[in-house]
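In: I would like the atomic coordinates for the input below:
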Amino acid sequence: FRINSRAEFVLVLEKDTVFERIVQEENFCDAFPGIVVTGRGVPDVATRALVAVLHRMLGLRVAVLTDYNPWGFQIFQTYRLPSENKPRETALTALGGGATWIGLDSAQVRGLAPR
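Out: Residues are numbered from 1 along each chain as shown. As a prediction, this is how the structure comes out:
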């Protein structure tokens, strides 16, 4: 099958509430020409496969926005890394270097500390 899109990236959001807020924003699609997806926490195979198809078939960059905690990082890794337990699933879903984690990092958090 063939997919056509004018999107420039895929934005994957951990939280469904953030997803709902963004899609309700009036000018979001005009300002940010991307495809927004949520895994509603830990993503299922279908969500990871959709993101992988968009990445591979359209050559879109994938940015994953999660909470800055171990669970958020694990969710990012779920999109990025292959699963040792499910090699068949991994062939469809692992993005490897095609996914970038966005959000706060430790240097930014240290910068928020009171002086």
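
In: So for Val62, what's the pLDDT?
Out: On pLDDT, Val62 comes in at 94.

In: doesn't it fall inside a strand?
Out: Yes. With DSSP: H, G, I helix; E, B strand; the rest coil as the criterion, Val62 is part of a strand.

In: heads up, I number from 362, so please use that
Out: Yep, numbering from 362; the last one is Val423 now.

In: residue contacts, it?
Out: Listed by CB atoms under 8 Å, 6 or more residues apart in numbering, the contact partners of Val423 are 370-371, 373, 412, 415-416, 440, 456, 459-461. Where C-beta positions appear, they are placed from N, C-alpha and C, glycine not excepted.

In: Neighbour-wise, which one of the residues you listed leads?
Out: Counting neighbours by other CB atoms under 10 Å, Val373 leads the contacts of Val423 with 29 neighbours.

In: quick revisit: using CSV, lay out the contacts of Val423 together with distance to Thr399 and secondary structure.
Out: Shown next, in CSV, are these (distance: CB to CB, whole Å; DSSP: H, G, I helix; E, B strand; the rest coil):
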residue, distance to Thr399, secondary structure
Phe370, 15, strand
Val371, 11, strand
Val373, 7, strand
Val412, 11, helix
Leu415, 14, helix
His416, 16, helix
Tyr440, 12, helix
Leu456, 16, coil
Gly459, 18, helix
Ala460, 15, strand
Thr461, 17, strand
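
In: In CSV, list those residues along with distance to Glu387 and pLDDT.
Out: Formatted as CSV, the contacts of Val423 follow (distance: CB to CB, whole Å; pLDDT from 0 to 100):
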residue, distance to Glu387, pLDDT
Phe370, 20, 93
Val371, 21, 94
Val373, 22, 94
Val412, 25, 93
Leu415, 24, 92
His416, 28, 92
Tyr440, 28, 86
Leu456, 30, 81
Gly459, 30, 82
Ala460, 28, 87
Thr461, 27, 87
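
In: out of those, who's nearest Gly395?
Out: Phe370 (4.2 Å; CB to CB).

In: Without its sequence neighbours, what residue ends up closest to that closest one?
Out: Excluding its sequence neighbours, the residue lying closest to Phe370 (CB to CB, 6 or more residues apart in numbering) is Gly395, at 4.2 Å.
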